[in-house]
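Trainee: sequence unavailable; structure follows:
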């Protein structure tokens, strides 16, 4: 049963990290990139600009996800 709980916590953390990546803004100076990451960061910028009415909600959501992720990391280190 303990193993299932640990596995579930790990899967939730993976989902949190995916969600954090999905909602993050573009990297600093993304417009100067010459790699294929340019298009990915351009898309991030476009999404951010299209959702400018929801910036505060996205920021609050991101803070909540980061807090949960840090809590997971602390609990993982305390059991190791």
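Mentor: Ah, there it is. Only a predicted model underlies this, so the values are computations on that prediction, with no experimental measurement involved. Numbers count the residues shown, from 1 in each chain.
Trainee: tell me the contacts of the most centrally placed residue in the chain?
Mentor: For the chain, residue 20 is the residue whose C-alpha lies nearest the centre (C-alpha atoms, centre = their mean; 1.1 Å). Residues near residue 20 by C-beta atoms under 8 Å, 6 or more residues apart in numbering: 62, 65-66, 69. C-beta coordinates here come from the backbone N, C-alpha and C atoms, glycine included.
Trainee: try it again with 6 Å
Mentor: If a contact means C-beta atoms under 6 Å, 6 or more residues apart in numbering, then residue 20 has residue 65 as its contacts.
Trainee: likewise residue 44?
Mentor: residue 26.
Trainee: now it: which helix or strand?
Mentor: helix 37-50 (DSSP states H and E).
Trainee: likewise for residue 76?
Mentor: Element membership for residue 76 (DSSP H and E) is helix 55-79.
Trainee: any idea of the mean pLDDT for the helix holding residue 44?
Mentor: For helix 37-50, the per-residue pLDDT values average out at 95.
Trainee: stretch 56-64 now?
Mentor: Averaged over stretch 56-64, pLDDT sits at 95.
Trainee: contacts for it?
Mentor: Contacts to stretch 56-64, defined as C-beta under 6 Å, 6+ apart, come from residues residue 23.
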